[in-house]
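1. what follows is a predicted protein model with its sequence.
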Amino acid sequence: MEANHRIPSVEVRLAPLPQQGREDTTYIVDMAGNTAEILDRLREASEDCHRYRRLEVRSFPVVAWHALPSLLEELPNVREVALADWGQDEALLDFLKTLGDVRSTAKIFFEDGSQVQISDLRRVEARTPWKRWTEVIIPPLLLRMKVAKSVRDYEAMRDADSPPPEALVNGVRSLRSLQQMKEEESAATKIQARFRQKQAADDVQRLKKQQKEESDAAARIQAKYRGRQANKQVQEMREQKQAIQSRYRHRVAERRQKEQEAASATKIQARFRQKQAASEVEGMRQQKHAQACSNREQSRTQRLDEFRQRISVKVDVVLEANGRAVVNVQLAAKDGVSGTSHNEIDIPVNDETAQAATKIQ
């Protein structure tokens, strides 16, 4: 039997029964989907499950028979179970076996109006589409024969998992011996223990899986956080390194600029000093040249004055027959110069006469 077989989806809903006085105590559920989906919907819909006394199950598939005991565990106060659209007889047998382990005091209602109480039955008559009635024998487990006639005995049996040893039928002790009852109770206890052990193992596996998922998620989150922290630290270190390099480069640039400025100032000072020295040399040269020129001029003037004082110029002009004039210029010391005739002219010596005498010569 496949537990996860899919069937057409039907919405889980709550609705009252048509009976009077049971609107607030009946839980109607349409079973659909796989077992996990059914249980999830039942848990979501049973927030106020403590007030339900009767459970009506509709469209109950064969593959979901084992979900009903879990539903009864979610609804602790349910004492009546109504089944509609039932499946095969084997599913009913399995359901009654499992349900007897969970809630032996509940009543089962069928479509034809018949009802059974698990704690009172050993035989259950189930209706099938191919036979009018089929007798089904149910193993003992927690199922008990009807042994109570009075109301007090019935209430005591209904509230207990098994009838007390003192239960009587018309004043006679039960047909079954106490040893048989103990064996049945022991078998039921073993089955319940196995069921609970299996359920506990499933819960442990589920918790382990959940813890592993949470641990993996936490590890992933921590890894992401550590990665982000590492990236942040790397970024901060990179920024610090860049800041240090920037400051170092700025200092190097300032030092180079100062060195260049000092070198430029040195060059400017050298050029200025060179120009100043050249200017001083040129001034001294010009001063020396001017002084030499002045000395030469003074010497020339002095010699010219001396020449003027000692030398006199005589010019003789002779007229020839052809009308040509011959000019004779004579230089002589003033002491040796004789008197002049009417043809002789005494010319004073100066710059112009000296230049004229030089040209004539």
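-> Yep, it's here.

2. quick check: mean pLDDT across stretch 325-337?
-> Averaging pLDDT along stretch 325-337 gives 69.

3. again, but for stretch 216-230
-> 90.

4. helices or strands up against the one helix or strand A193 maps to?
-> Secondary structure assigned from DSSP states H and E places A193 in helix 178-310. If you count contacts as 3 or more Cβ pairs under 8 Å, 6 or more residues apart in numbering; DSSP states H and E, helix 178-310 packs onto helix 89-102, helix 351-360. C-beta: built from backbone N, CA, C; applies to glycine.

5. what are the buried residues along the next helix-or-strand element following it?
-> Helices and strands here follow DSSP H and E; after helix 178-310, the next one along the chain is strand 311-319. By neighbour count on 16 or more other Cβ atoms under 10 Å, the buried set for strand 311-319 is S312, V313, K314, V315.

6. identify, from those residues, the entry nearest to N322.
-> Closest approach to N322 among the buried residues of strand 311-319 (Cβ to Cβ): V315, at 20.7 Å.

7. sec struct for the residue lying closest to the closest one once chain neighbours are set aside, please.
-> Spatial nearest neighbour of V315, excluding adjacent residues (Cβ to Cβ, 6 or more residues apart in numbering): V329 at 5.1 Å. Three-state call for V329 (DSSP: H, G, I helix; E, B strand; the rest coil): strand.

8. can you get me a residue count around V329?
-> Neighbour count of V329, defined by other Cβ atoms under 10 Å: 15.

9. what does E236 give?
-> Residues near E236, counting by other Cβ under 10 Å, number 10.

10. how much space between it and C293?
-> Relative to C293, E236 is positioned 83 Å away (criterion: Cβ to Cβ, to the nearest Å).

11. what of S312?
-> 30 Å.

12. follow-up on the earlier one: tell me the one among the buried residues of strand 311-319 nearest to A277.
-> Distances from A277 to the buried residues of strand 311-319, taken as Cβ to Cβ, are shortest for V313 (52.0 Å).

13. is that closest one in contact with N328, as I believe?
-> No - checked against Cβ atoms under 8 Å, the pair V313 and N328 is beyond contact range at 11.0 Å.

14. so where's this protein shaky on pLDDT?
-> Counting by pLDDT under 70, the chain contains low-confidence ranges at 1-182, 335-361.

15. domain map for it?
-> Domain assignment of the chain by automatic domain parsing yields the ranges 1-143, 309-360.

16. residue contacts, V318?
-> Contacts for V318 were tallied using Cβ atoms under 8 Å, 6 or more residues apart in numbering; they are A325, V326, V327, N328.

17. pull up the gap between K334 and A193, please.
-> Counting by Cβ to Cβ, the separation of K334 from A193 is 175 Å.

18. nearest to H289 among the contacts of V318?
-> V327 (40.5 Å).

19. for that closest one, list each beta-bridge partner.
-> The partner list for V327 in beta bridges (DSSP bridges) reads V317.

20. can you check the one 4 residues further on too?
-> Residues in a beta bridge with L331, per DSSP bridges, are V313.

21. wait, it touches R310, no?
-> No - counting by Cβ under 8 Å, L331 sits too far from R310 to count as a contact (10.1 Å).
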